[in-house]
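> Take this sequence and fold it.
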Amino acid sequence: MKTPKTYYSRVPVCAISMALLVFAGCSSSVVDQSGGTDESTDSASSTSGGSGTSTSDASTAGSESGGTFTSGSSDPTGSGSDSDPGTETAATTTEETTGEPVPEDCDTFTQDCPDGYKCTFAAKDGSNTWNDTVCVPVDEDPAGVGEACLAPDGPLGGVDNCELGAMCWDVNPDTTEGYCIALCSGGLDNPICPAMSYCVITDDGILTPCLPTCDPLLGAEACPEEKVCIPSPSGDTLVCASQQGAIGPGDACEFVNVCDDGLVCAGSQYVPGCDLNASGCCTPFCDLLDPDCAAVPGAECVPWFTEAPPGYEDLGVCTTPP
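So this is what the prediction gives:
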């Protein structure tokens with residue numbers, strides 16, 4: 001029997017801002033790669049790396065996926081707005097069918113809606129985040145994963161023109177435009193995503209998108225435009241998320257996705273010269289084979305992981321010398 005593998009990130013990172021997943025405080029991360037879970041608590045005052053202070057309940061995904069990470073809540077618009085999510089249309093549309101009755105909720109993993117419908121996520125009962133599933137009609141000419149899409153009822157309405165097993169993501173609330181991403185298949189215990197993507201399980205399993213993995217050493221080329229490569233809260237990979245700032249190295253930050261490309265918002269005690277009263281400061285990722293931490297005087301390039309997963313063997317971070 002193979003020994004379960006647990007990966008630790010050495011340096012606590014700060015919360016993810018608004019646009020993707022909302023967390024409280026800076027935390028280090030642990031993930032059990034055996035397919036089991038590692039349940040631990042988040043701490044806004046985390047002071048040591050590799051201690052397992054993540055909110056994640058992570059498991060290894062199926063053979064096509066890099067794994068999973070979980071969070072407590074999300075804001076898909078990136079605006080932090082509490083505006084009406086506009087979900088009534090989705091609920092009404094699913095009732096307008098002459099075929100078999102359409103259930104009020106469904107399973108996105110198995111796509112158990114009637115023919116011509118797909119199971120997706122929506123906000124119901126006035127919620128300002130996804131809180132339920134809903135069956136909606138599949139568009140007659142659906143957009144595929146990676147293609148531009150429209151969500152006429154807004155980011156949280158559920159209705160879009162993406163294909164079966166996909167949803168319109170990163171939707172602009174003004175234009176209702178976004179792009180299609182795959183939803184995790186398989187199941188909560190064995191989630192599967194396409195190659196080079198990662199099953200993100202948020203909102204207690206209500207939201208399960210597949211997000212692309214990335215290499216922060218590629219800088220601005222690591223992710224599409226207006227996205228940034230950040231650590232997953234479970235700690236075993238990095239994913240592309242909406243970029244909410246371009247804070248430079250050594251400057252104070254509060255959220256992990258507000259730093260410039262190739263940087264991460266690390267706990268203040270791990271960045272030389274950082275104000276210890278700040279939540280954290282942006283510091284560069286670095287290549288262990290060609291380390292360069294000149295942007296943060298006094299920092300050294302140390303491995304990001306205590307034991308790196310495949311593909312991240314050379315990934316380091318500029319931090320206070322151990």
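> where in the stretch 151-300 of the chain is pLDDT low?
Within the stretch 151-300 of the chain, the stretches falling below the threshold (pLDDT under 70) are 203-204, 233-234.
> Show the residue spans covered by the strands in it.
166-169, 177-182, 197-201, 210-212, 227-231, 238-242, 252-253, 263-267, 280-287, 300-303 (DSSP state E, counting those that start in this stretch).
> Go through those strands and pick out the most buried.
Per-residue neighbour counts averaged over each of those give the maximum for strand 263-267, namely a mean of 31 (mean count of other C-beta atoms under 10 Å). No exception for glycine: its C-beta is placed from N, CA and C like everyone else's.
> Below-threshold pLDDT in the stretch 1-150 of the chain: ranges please.
Applying pLDDT under 70 to the stretch 1-150 of the chain flags the ranges 1-99.
> quick revisit: as CSV, the strands of the stretch 151-300 of the chain with distance to Ala148 would be great.
Listed next are the strands of the stretch 151-300 of the chain as CSV, based on distance: least, C-beta to C-beta, whole Å:
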stretch, distance to Ala148
strand 166-169, 9
strand 177-182, 6
strand 197-201, 18
strand 210-212, 16
strand 227-231, 15
strand 238-242, 16
strand 252-253, 31
strand 263-267, 29
strand 280-287, 30
strand 300-303, 39
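> among those, which is nearest Phe109?
Counting by C-beta to C-beta, Phe109 lies closest to strand 197-201 out of the strands of the stretch 151-300 of the chain; the figure is 10.1 Å.
> partners of that closest one in the sheet?
Taking DSSP bridges as the criterion, strand 197-201 pairs within the sheet with strand 68-70 (parallel), strand 210-212 (antiparallel).
> could you dump that strand to CSV, C-alpha only?
Extracted C-alpha coordinates of strand 197-201, given in CSV (Å, rounded to 0.1, in the frame of the first residue of the first chain):
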residue,chain,number,x,y,z
SER,A,197,-6.9,22.0,-14.2
TYR,A,198,-7.9,21.5,-10.6
CYS,A,199,-11.2,20.8,-8.8
VAL,A,200,-12.0,23.6,-6.5
ILE,A,201,-14.7,22.7,-3.9
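> Contacts only, for the residue nearest to Asp170 when sequence neighbours are not counted.
Ranked by C-beta to C-beta, 6 or more residues apart in numbering and with sequence neighbours excluded, the top spatial neighbour of Asp170 is Gly178, at 4.9 Å. For Gly178, the contacting residues are Ala148, Cys149, Leu150, Ala151, Pro155, Asp160, Cys168, Trp169, Asp170, Val171, Asn172, by C-beta atoms under 8 Å, 6 or more residues apart in numbering.
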